[in-house]
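> Build me a model:
(one chain, ligands or ions: 1)
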Amino acid sequence: MSTPITRVGIVGGGQMGAGIAEVCARAGLATAVCESDARAARTARERVTVSLERAVQRGKLDRISAEHTLEHMVFTHSLDDLADRQLVIEAIVENPDAKAEVFAALDKIVDDPEAILATNTSSIPVMRLGMATRRADRVLGLHFFNPVPVLPLVEVVASLHTAPETVAVVEDFATGVLAKTVVRSQDRAGFVVNALLIPYLLAAIRMAESGFATATDLDTGMELGCAHPMGPLKLADLIGLDTVASIAQSLYDEFKEPLYAPPPLLQRMVEAGLLGRKTGRGFHTYDRG
Ligand code: NAD
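Numbers count the residues shown, from 1 in each chain. Next up is the predicted model:
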């Protein structure tokens, strides 16, 4: 791609999509966020507004910049509004069929055949999403970390079909425009960080499930004993227990190792809608305001 990326689209405005959109708009890019319906689009806007307000309150951002950030953003529920984008980052729910459907639709809608389609998936093979399009050479994984405005890492994941030029353009964009630090991973479920992190979170869930220790003691143990900023069950709550379960399932499907199998307690909590911070209750309870 010869022209610099100035117009980006984000599909999905949940905790990750809203965060990715925020960092793009804060970098001065024209940022369009597409959600599944009008109500979800309003919620996505609200999510970004709250996050910007928090940054202002904490002295990380001045009020004028926060206002400018919102001026760079549009929120929609029609993928057609992403037709003129040079880079689209998909960040919808961790469901392979839903993501493949979005990629197939984007491939038809995004006009510029050189435009790059990226996925923020944590565990679904990038190849599978590339194969849903006619431009697998321009599809790759761009995996951000939560909360996106705070954590500096992104994993860049090329599939067997991704062109080296696509990787180079996106790495330059991530480091130069978004000021992130890049690590590269093979296209294997979980990439680098989740392949290491998820078995640890699942081990903590199994320990809570068996009564080995309470959720609070497990978290305190790792916070005070290992200087982790957040214990494993608080972290699972932050990620979202539905997302943790989906990533674990993808890892298990890929490697067939028992350490990746989602424990029954995790499955039951997801079925019960106890998804962690985003629903107010997971292993701990949260004030939803
Ligand atoms: P989330 O549940 O907070 O948000 C998902 C959003 O996608 C929802 O707002 C939903 O309305 C929207 N959506 C669903 N189908 C859609 C469609 N067809 N078109 C447009 N929008 C649609 O989930 P999240 O935590 O933001 O995770 C999103 C992705 O990011 C997943 O692939 C997840 O694995 C990945 N991820 C999550 C984390 C994390 O810590 N939560 C970290 C890195 C990557």
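> What is the neighbour count of the residue in the chain that the ligand sits nearest to?
Nearest residue of the chain to the ligand: Gly14, at 1.7 Å (C-beta to the nearest ligand atom). Placement of C-beta: from N, CA and C, glycine included. Counted with other C-beta atoms under 10 Å, the neighbours of Gly14 add up to 18.
> Checking my notes, Ala132 in a helix, right?
No. Looking at Ala132 with DSSP: H, G, I helix; E, B strand; the rest coil, it is coil, so not inside a helix.
> And the residue of the chain closest to the ligand, what's its pLDDT?
The predicted local confidence for Gly14 comes out at a pLDDT of 97.
> Please apply the same query to the one 4 residues further on.
The per-residue pLDDT reported for Ala18 equals 98.
> got it, and Ser2?
As summarised for this prediction, Ser2 has a pLDDT of 68.
> ditto for Leu251
Reading off the per-residue confidence, Leu251 sits at a pLDDT of 95.
> any idea how far it is from Asp111?
In this structure, Leu251 lies at 36 Å from Asp111, with C-beta to C-beta, to the nearest Å as the measure.
> coming back round to it: quick check: closest non-adjacent residue to the residue of the chain closest to the ligand.
Ala91 (6.9 Å; C-beta to C-beta, 6 or more residues apart in numbering).
> Neighbours of the one you found, how many?
A count of nearby residues for Ala91, using other C-beta under 10 Å, gives 28.
> Could I get the phi/psi values of it?
phi -140, psi 50 (degrees, to the nearest 10).
> same deal with Thr181?
Its backbone dihedrals place Thr181 at phi -100, psi 130, with angles given as degrees, to the nearest 10.
> which residues does the nearest residue to it once chain neighbours are set aside contact?
If the residues on either side of it in the chain are set aside, Thr181 comes closest to Pro152, at 5.0 Å by C-beta to C-beta, 6+ apart. Under the criterion of C-beta atoms under 8 Å, 6 or more residues apart in numbering, the neighbours of Pro152 are 179-181.
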